[in-house]
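Asker: Here is my input, please return the structure:
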Amino acid sequence: MSASKPTIKTKSLEGLLMLFEVSENFEDESIDTIEGLLKNKNVKIMGLAYSALGSLISAYGTKKFKPQVFLPHIQNGCSSTNPAVKTEALKCFTAIYRWLGKATEGLLGDLKDILKK
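Answerer: Next up, the predicted model:
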């Protein structure tokens, strides 16, 4: 997903979404893979991992996987100095907020008040 051409990024994201849709057991290895990408040192890979996570949450909600696994990573992304990573992490939080509503406020206690709005 770290290709520089937009069509390659779009097609790889579509493939990930399709894989997520048809798989019944997407939890173990796939979540570990996404977590590993969120911990990567390369900011481009981190930004694309947050983008993919936000797309998965927006498309399928919180029914297929639990967002609590990713909340510490989203908190780290929201406090990142890289604007692309920070934007994508905030989009992830926004997608979770759309599905869970006010229940997310207690989950993200360490974020600044500005980021919660």
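Asker: and Met18, how many neighbours does it have?
Answerer: 10 (other CB atoms under 10 Å). Yep, even glycine has a C-beta here, placed from its N, CA and C like the rest.
Asker: Give me the phi and psi angles of the nearest residue to Val69 once chain neighbours are set aside.
Answerer: Among residues not flanking Val69 along the chain, Ile31 sits closest, at 6.1 Å (CB to CB, 6 or more residues apart in numbering). Ile31 adopts backbone torsions of phi -70, psi -40, taken as degrees, to the nearest 10.
Asker: From what I see, Ile31 and Lys64 are in contact.
Answerer: No - the pair Ile31 and Lys64 does not pass the contact test of CB atoms under 8 Å, sitting 10.3 Å apart.
Asker: where does this protein have low pLDDT?
Answerer: Applying pLDDT under 70 to the chain picks out residues 1-4, 24-29, 106-117.
Asker: Who's the closest spatial neighbour of the residue nearest the centre of it, skipping the chain neighbours?
Answerer: By CA atoms, centre = their mean, the chain has its centre lying nearest to Leu53, at 2.8 Å. Leaving out its chain neighbours, the residue that sits closest to Leu53 by CB to CB, 6+ apart is Cys92, at 5.3 Å.
Asker: Ala59 and Trp99, how far apart?
Answerer: In this view, Ala59 and Trp99 are 11 Å apart by CB to CB, to the nearest Å.
Asker: now do Cys78
Answerer: Taking CB to CB, one finds Cys78 at 18 Å from Trp99.
Asker: same deal with Glu105?
Answerer: From Glu105 to Trp99 the distance is 14 Å (CB to CB).
Asker: repeat for Lys66
Answerer: 11 Å.
Asker: Neighbour count: these two, which is higher?
Answerer: Set side by side, Lys66 and Trp99 show more neighbours around Trp99, with 15 against 11, by other CB under 10 Å.
Asker: Where does the more buried one sit: helix, strand or coil?
Answerer: helix (DSSP: H, G, I helix; E, B strand; the rest coil).
Asker: Test my guess that it contacts Lys64.
Answerer: No - Trp99 lies out of contact with Lys64 (CB under 8 Å); the separation is 11.3 Å.
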